[in-house]
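Peer 1: Build the 3D model from these lines:
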Amino acid sequence: MSILCADQIRQFSENGFLFLENVITATILRQMNNEFEQWKEESRQHTAAYGETFDHRPRFDVEPGHCFERPALRRIASPVEISETYLSFMRDNKGLDAVADLIGPNIRFENAKINSKQPGSGTQVKFHQDFLFEPHTNDDLITVLFFLDDVTELNGPLEVVPNTHKDRLYNHWHDGVFTGSVSEEITNEMKPRAIPCFGPAGSACLMHARLLHGSAPNLSDTPRTLFICEYLAEDAIPLQANHIPSKYMYEVVRGQETGRVRCSNYEMILPEVPTGASFFEQQAKAN
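Peer 2: As a prediction, the model looks like this:
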């Protein structure tokens, strides 16, 4: 179902991102938040990353300082594997309808995660491009960030640098180490151009996988939790292992299987396949 107008499609093409309100219904939003709260309560019983994913890495990641009294669950890998609510929503939602308007009609699911910044969280996301974690034969990949909480200017909103999806692919390796982020020099150059994306719970931000982005720590007393789904054109074939694999990866969620492959002209160094609970461990290497 087409939901975007010509002006919204033009905005995404020019800027590399698009903000949409009222993407999650009140009922589904309540269900998703209830399940996240249950996972957060469970995390009180753990002192380090725990659980197991499709590739046997920990599913639940906690930030330094996490404890029973102050739980700081910051990442859940592939929640679609442990929740029918999240799985059903991943397969059918207005954000996915918008993705099909932009790169459709045949769309695959790439991966999903929940990123959460609890009040006072020190976790920040250094500036990076998602495509540098997941090379494919073409770059028609869109990340959809669904807001499970109200996102404000103070609780660590996504910060995007408009138009950088048309720019070069920046190196995420430094001194032989994959840091999953651009250099400090590039960050200092680009950060003044960054725009925060904030809005009410139930909204979504669609972001091209080449768009440079990051986020600051949560300095507020309110949480900032996102359900993040990556979708790609059906004819974009992976060139390296999925960095958040699941039993649902590459499922066709819109249109049909064509058996075709389409290639873009680009060069990059292949990323490091993560071995830890999340890419936060890779980005910590940049410190």
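Peer 1: Ile142 belongs to a helix?
Peer 2: No. Read with DSSP: H, G, I helix; E, B strand; the rest coil, Ile142 is strand and lies in no helix.
Peer 1: Leaving out the residues flanking it, which one is nearest to it?
Peer 2: Val99 (5.0 Å; C-beta to C-beta, 6 or more residues apart in numbering). Where C-beta positions appear, they are placed from N, C-alpha and C, glycine not excepted.
Peer 1: neighbours around that neighbour, how many?
Peer 2: 26 (other C-beta atoms under 10 Å).
Peer 1: Likewise for the one 10 residues further on?
Peer 2: Residues contacting Phe109 under the criterion other C-beta under 10 Å number 22.
Peer 1: Next: Glu84.
Peer 2: That count, for Glu84 with other C-beta under 10 Å as the rule, works out to 10.
Peer 1: same thing with Asn188?
Peer 2: Residues near Asn188, counting by other C-beta under 10 Å: 10.
Peer 1: Confirm that it sits in a helix.
Peer 2: Yes. Counting by three-state DSSP, Asn188 is part of a helix.
Peer 1: Tell me the secondary structure at the residue nearest to Leu87 when sequence neighbours are not counted.
Peer 2: Spatial nearest neighbour of Leu87, excluding adjacent residues (C-beta to C-beta, 6+ apart): Val80 at 4.3 Å. Following three-state DSSP, Val80 is assigned to helix.
Peer 1: Surely Val80 touches Met249?
Peer 2: No. Counting by C-beta atoms under 8 Å, Val80 does not reach Met249; the two are 9.8 Å apart.
Peer 1: which of the two has more neighbours?
Peer 2: Val80 (25 against 18).
Peer 1: Now do that one, the pLDDT please.
Peer 2: Val80 is assigned a predicted lDDT (pLDDT) of 98.
Peer 1: again with Gly51
Peer 2: So, for Gly51, pLDDT stands at 96.
Peer 1: what's around Pro200, how many residues?
Peer 2: Neighbours around Pro200, by other C-beta under 10 Å: 12.
Peer 1: Name all residues that make contact with it.
Peer 2: Listed by C-beta atoms under 8 Å, 6 or more residues apart in numbering, the contact set of Pro200 reads Glu21, Phe147, Asp150, Val151.
Peer 1: Many thanks, we can stop here.
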